[in-house]
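Participant: Okay, sequence plus prediction incoming.
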Amino acid sequence: MGKAAKRKKKVSVPSTARGSVKSAMAVVKSNPFEVKVNRQKFDILGRKTKNDVGLPGVSRSKAIKKRNQTLLKEYKEREKTNVFKDKRFGEYNTKITPEEKMIRRFTLERQQNYGKKNIYNLNEDEELTHYGQSLAEIEKLNDIVDSDSDTEEKGTLSAELTAAHFGGGGGLLRKKVSSEQQDEEEEKPKSRKELIEEMIAKSKQEKQERQTRRENALELTEKLDKDWKEIQTLIARKTPKSERKDKEVEKPKPDEYDMIVRELGFEMKAKPSERLKTEEELAKEEQARLQKLEADRLRRMRGIDEEANKKRPNHMSADDLADGFILDKDDRLLLSYKDGKINIENEEEKEEEEEEEGEEEDNENEEESQEESASEDEEDDAADGHSDLESDHESEGEAAENKEEKKHKANENESQNAEKLDPKREAAKSELPYTFAVPESYETFKSLLAGRTIEQQLIILERIQKCNHPSLAVGNKAKLEKLFGFLLEYIGELATLHLPELRTIDKLVLPLYNLCQMFPEAASDSIRFILRDAAHDLEEVIEVKGRATFPGLDTLIYLKIVSLLFPTSDFWHPVVTPAFMYMSQLLTKCRITTLQDVIKGLFICCLFLEYISLSRRFVPELINFLLGVLHISLPKSQAQGYTVVHPFTPVGKNLELLLVCDKEDLKSWEKQNVPLSIVTRLKETSKTEINHTRLSCLALCFDLIKKCAVLYESLPSFHEIMHPVRILLTQHIPVNEYPEKMQEWYHSALKELENKVKHYTPLICEKKKPVPLKQYTPKIVKVLEFGRKQAGSKKEQERKQLIQRHKRELKGAIREIRKDNQYLARMQLSEIMERDAARKRKVKELLGSLATQEGEWKAMKRKKWKN
Amino acid sequence: FGALLERRELFVGPLPEQDASLGGDYSAQDKYRIWMRHRYGDCVRCLGELMGHDAFQVKELALCTLMKFVELEAQYPLIKIEWKGTLTFPCDLLKVVVDGLLPTTEDASLLISRFQEYLEYDDVRYFVMKAVTASIGQVMQKTKERPLPFYQQNVFSLISPINMPNKESEMVRFMVKQVCLTHCLQFCFKAHKQVFEKMWLTFLKHKLPPGLYKKVLVILHDSVLPYMNEPTLMMDFLTVAYGIGGAISLLALNGLFILIHQHNLEYPDFYKKLYSLLDPSIYHVKYRARFFHLTDLFLSSSHLPAYLVAAFIKRLARLALTAPPEALLMILPFICNLFRRHPACRVLLHRPAGPADMSEDPYVMEEEEPSESRALQSSLWEVQSLQNHYHPDVAKAAAVLSQTLSEMEDDISGLLELSASELFDREVKKKAVDVPLEFEQVRGLFGKKNDIFAEHFSLD
């Protein structure tokens, strides 16, 4: 019983006003007939009992009241079908904020009223409002607003009044009594009502006084204003505009006051924004951001789970995959990343340098655009020279402004700068529209970009991006995500052209990067899609022909783009890891039959090296391939001290691909970069040039070997890995026949290989945490709370708790239902009783009336008889 | 001619010469029959020639007609039955067919595949095998050890799909329903096997081109060896193949294993040979799964000396430095399993009391003899290197080795067949929650700091 009562209490408390309940409880508790005491069998020290006292009457009455409100209503309306509908707009919609709701209703109302009005009445006097109040009203009630601000004053002034309001009647009475005792002792019994009236009168008087005071002040300020205006006009005439700023500091007080008043008036409206950051602050922030990102990258590289990191943020070594030595590796990585510069200041400098570079680029862009504008303006020159001059003037001013802005926002990227330069570019490229819709299909996209110069294409892309920023409309996100795919496809197409437009691709990477930053998921998905297709193609070719060929330049470019868009040092990355796998397949599965294949393979080797340049991961395929390339540069009949693996064969027809025999060509060779377009077509028909390309490849190979050696020197089995390459380099390569420059490459590579100290330390397993022996001493568990089960794990406990709660709830629900039924039965019974009683009463009445009738009739009869 | 054969209108018995018959004292009907028999012979000869025709359809038709003749002739023999129960099968005719099927100059695999359906019949198979054996003997003698790739190819494609019945009771499909013949063949199931064996042995006696060699070895262990009366006869062939080296040795291993396992073959220096088989190509060849399955079997014995297992582990690890990721994912659990089976080898991973610093790896890679390779003095630095592998799964698998191993062996049977494309698909399908991005601002395709590409490639 007591338990139930308590629960009831708990339920009902929040629903009713707390204060009233408390008072009621107090009353009830004081009534000994309401209280039921649960007797305790044993008294236990320190135990707090909650259920020793119950209030059955109160709880019962509460329950009945509640049922009256809910169940009874339902019961009474049980056979009624018409329902009350609330058609107020959005009354029950919790998603709409109240302001919004009001706005909607307002618009609805307006719409309803709109059509009915007189259409010829043009200047319908609409009320202008500010924060929901009409402006006229505000003007009228200006004083009131001010009076609000005076509340403080009011509070301090009328302590008496507050005492009267909140101090309770008694105190006031007493006080009054004490004060009035001196004046009019005979009028002691002054009623409470009178007192209050007096107080009201007093406060009214005070208010009036204050108003008059304020009016006076207002008048004074107005006067001051007038004076100031007069003076101001004088000053304004004297000072030129440029010095106004200085003057403003010297402004006399009234103006300041004015300003403050105005500020206060519009305080809600003009929220202070964050101040513009200075250059150093920005640089610092940028640096902090980069450091954080770098730390993030390192963490990902080691493949530490974020959860694990969260759990044990300071305990790194336990989570490390590669034990022990990762710490020193860590340092080295940081060093390598900073290009040998250790301290942070240097990095900052570098950042600045980069920024400068960026600015330089911007400037170049400016120059370019200016040149362009100049060149195109020349045509207009003849028509209107004067206007041109003027416009030049203006543009100069704009440029000055731009520079100022740049000072503030040095870190803004190119695109934003370009935006500033837009006015000028617009002049230059008046034929480009300002807004572009995002093309829906690849064909429209292509037609949009077709026939434009690189700069124009860039601008178009940029504008598309701006016009359809995802914050502007809902569907823009999906559109721009599509754009990324189109751009990728376009790049692929450019790369597969007979004359690959690599310069264009070079520039197109920028918008690609920006888009990728905006939508990482979509970008990664589309690139993964491309990779998957490429891999499946490769597999198909292998299945059909039994051997694979290297893919086209477009795939190579895609792989390169992956390294630009995503961090390649991660332990696992949704895009980079498949790219790794794909490249590894290319290096192991593809046959090498032509010089182009060699170049492509070397390109992929470069990619591998770039991917792992930070993480220094081990790529066996890379070494194998480089070894193979060296192998095919040798004449066939060489003694072997090494073994080449797939796809290279020790014997076969595709050997000697890189072998150069011609002495003349050897002499005339100079180091030059390999043009990528060679991959799609071999334009050099002359043997000399082919030989030169071969030598370039060889030089590249030497360099790559050197770089590999630098990267892998920390691996414990470095010498085993590099052993075949070293043998090939030292024993088989005909160094002396090569040109001098090549010999330099060769020697530097060999030096890297041989400089390393052989150093082996025996492996030792990670120590396992010792398992403690089982002990037979009793386990002592601290009992925290009596009466509660302690045994079991946390999970078990939780489960038990849940079961218990469920049981309790079930019991409670059953009880509630039973009570409901009882209540209903009671209601029905009382209804029936009522009905029966009514019937009885009516019957009685009828009988009575009949009796009287009868009586009257008999009386009449008797009278007749008498008469 | 089919109708004639059915009507028994062709001359039966030993055939006299055409001219002699015309002048001889035969009745007119006999003369007619003799003449018809001669024409029939001509026809068969023509068909045999047509088997070498250019058009495939002509060949096919010729083949079908000849086989029809074979069937009919077997039913209505042209030779006089001297006593009941003699073998009456047109061997000469079948010889013509087989010769047509096995041209020495071109690939006839299409025709042979058409011929497969006839080989379903037990009697046909029996006589074809006999004919093939004879044919090989003839042709090889003629050519005197000169390899005939086409001929051998054809023979192989003819005999490789021959599937022998497992039990005598299964031999019920005959082309010709002849009580005596059936009886006879059922009786000599053993003879059937013998013919099969003889055919293979004659075939393998001669030198084979490497491609065919591999093919033979691939099917040898499950479609040839079980059906031989004396599988040990194959020993010479397998031993030679095992000694050749490279992929052929890998394949010979399987047949050899069966011989060792089921027929008590004693093979000296088997493990040494196996050890020397391990070279960088094992991770790249097509038969990788088969090889490692067998190696796993060979090394599963717990009676192997520790030095041997250590040498194997070390060599496998050393070679793994050049392996592709799919092979690495297989070999690392493999090595783990070896460590579990042979706890004595754990010094390779855990040597707390060893010298602090060594200037050289004690292991000698070039040593042929596993006992001389000093593998037990070494450590598995290769695995430590592989912990830095670019593939996350490989790095994880390698990291497992540096911790204490669990007792349970890993199941590598699923990993044996792992291919690179499967691995790729698995990676691509993984869903990522968020995609980390490069934070360095891009400046063009080759615009990174210290870009390797900018040094060596130009954009035009």
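Facilitator: Alright, I've got the coordinates.
Participant: So which bits of stretch A:41-56 are buried?
Facilitator: Using 16 or more other CB atoms under 10 Å in any protein chain shown as the test for burial, stretch A:41-56 gives A:54-55. The C-beta positions use only the backbone N, C-alpha and C, and glycine is treated the same way.
Participant: Could you check how far the residue lying closest to residue B:416 once chain neighbours are set aside is from chain A?
Facilitator: Nearest residue to residue B:416 in three dimensions, chain neighbours excluded: residue B:289, at 4.0 Å (CB to CB, 6 or more residues apart in numbering or on different chains). Residue B:289 sits 16 Å away from chain A, going by CB to the nearest CB, to the nearest Å.
Participant: wait, isn't residue B:289 in contact with residue B:414?
Facilitator: No - the pair residue B:289 and residue B:414 fails to qualify as a contact (CB atoms under 8 Å) at a distance of 10.6 Å.
Participant: Between the two, which has more neighbouring residues?
Facilitator: residue B:289 (16 against 10; other CB atoms under 10 Å in any protein chain shown).
Participant: excluding its backbone neighbours, what's nearest residue B:287?
Facilitator: Closest to residue B:287 by CB to CB, 6+ apart is residue B:250, at 5.4 Å.
Participant: Tally up the residues packed near residue B:412, please.
Facilitator: 20.
Participant: Next: residue A:711.
Facilitator: When neighbours are counted by other CB under 10 Å, residue A:711 comes out with 20.
Participant: After the strand or helix carrying it, which helix or strand is next?
Facilitator: In this assignment (DSSP states H and E), residue A:711 forms part of helix A:687-712. Next helix or strand after helix A:687-712 toward the C-terminus (DSSP H and E): helix A:718-727.
Participant: wait, does that following helix contact chain B?
Facilitator: Yes - Helix A:718-727 lies within reach of chain B by CB under 8 Å from any CB of the partner chain, at A:718-721.
Participant: what's residue A:53 sitting at in phi/psi?
Facilitator: According to degrees, to the nearest 10, the main-chain angles of residue A:53 amount to phi -120, psi 130.
Participant: now do the one 10 residues further on
Facilitator: Here is the backbone geometry of residue A:63 (degrees, to the nearest 10): phi -60, psi -40.
Participant: wait, it sits on residue A:822?
Facilitator: No - counting by CB under 8 Å, residue A:63 does not reach residue A:822; the two are 10.6 Å apart.
Participant: What's the first helix or strand after the helix or strand in which residue B:316 is found?
Facilitator: If you go by DSSP H and E, residue B:316 is part of helix B:306-320. Scanning forward in sequence from helix B:306-320 by DSSP H and E, the next helix or strand is helix B:325-341.
Participant: burial measure for the nearest residue to residue B:292 once chain neighbours are set aside, as a count.
Facilitator: The shortest distance from residue B:292 to any non-neighbouring residue, by CB to CB, 6+ apart, is to residue B:416 (5.8 Å). Number of residues near residue B:416 (other CB under 10 Å) recorded here: 16.
Participant: From residue A:57, how far off is residue B:416?
Facilitator: Residue B:416 sits at a distance of 81 Å from residue A:57 (criterion: CB to CB, to the nearest Å).
Participant: Residue A:112 too?
Facilitator: Counting by CB to CB - residue A:112 and residue A:57 are separated by 55 Å.
Participant: cool, residue A:585 as well?
Facilitator: 84 Å.
Participant: Neighbour count: the two, which is higher?
Facilitator: Neighbour count, other CB under 10 Å: between residue A:585 and residue A:57, residue A:585 has more, with 25 against 15.
Participant: Which helix or strand contains that one?
Facilitator: Applying DSSP H and E, one finds residue A:585 within helix A:576-589.
Participant: Check whether the very next helix or strand once past that helix comes near chain B.
Facilitator: Of the helices and strands lying after helix A:576-589 in sequence (DSSP H and E), the nearest is helix A:595-611. Yes - using CB under 8 Å from any CB, helix A:595-611 reaches chain B at A:603, A:606, A:609-611.
Participant: Could you point out the helix or strand that follows helix A:595-611?
Facilitator: helix A:620-632.
Participant: Can you list the residue ranges for helices in the stretch 201-350 of chain B?
Facilitator: Using DSSP state H, counting those that start in this stretch, the helices of the stretch 201-350 of chain B run over B:210-219, B:235-244, B:247-263, B:270-277, B:288-298, B:306-320, B:325-341.
Participant: State the distance from residue B:429 to chain A.
Facilitator: 9 Å.
Participant: my read: the residue nearest to residue B:292 touches residue B:293, true?
Facilitator: Yes - with contact defined as CB under 8 Å, residue B:416 reaches residue B:293; the gap is 5.8 Å.
Participant: excluding its backbone neighbours, what's nearest residue A:581?
Facilitator: Using CB to CB, 6+ apart and skipping the chain neighbours, the partner closest in space to residue A:581 is residue B:424 (4.5 Å).
Participant: same deal with residue A:730?
Facilitator: Per CB to CB, 6+ apart, closest to residue A:730 is residue A:750, 7.0 Å.
Participant: In terms of neighbours, single out the busier of residue A:63 and residue A:822.
Facilitator: Comparing residue A:63 with residue A:822 by neighbour count (other CB under 10 Å), the higher total belongs to residue A:63, at 19 against 11.
Participant: number of nearby residues for the closest residue to chain B within the stretch 201-350 of chain A?
Facilitator: Closest approach between the stretch 201-350 of chain A and chain B, counting by CB to the nearest CB: residue A:293, at 4.4 Å. Using other CB under 10 Å, residue A:293 has 16 neighbouring residues.
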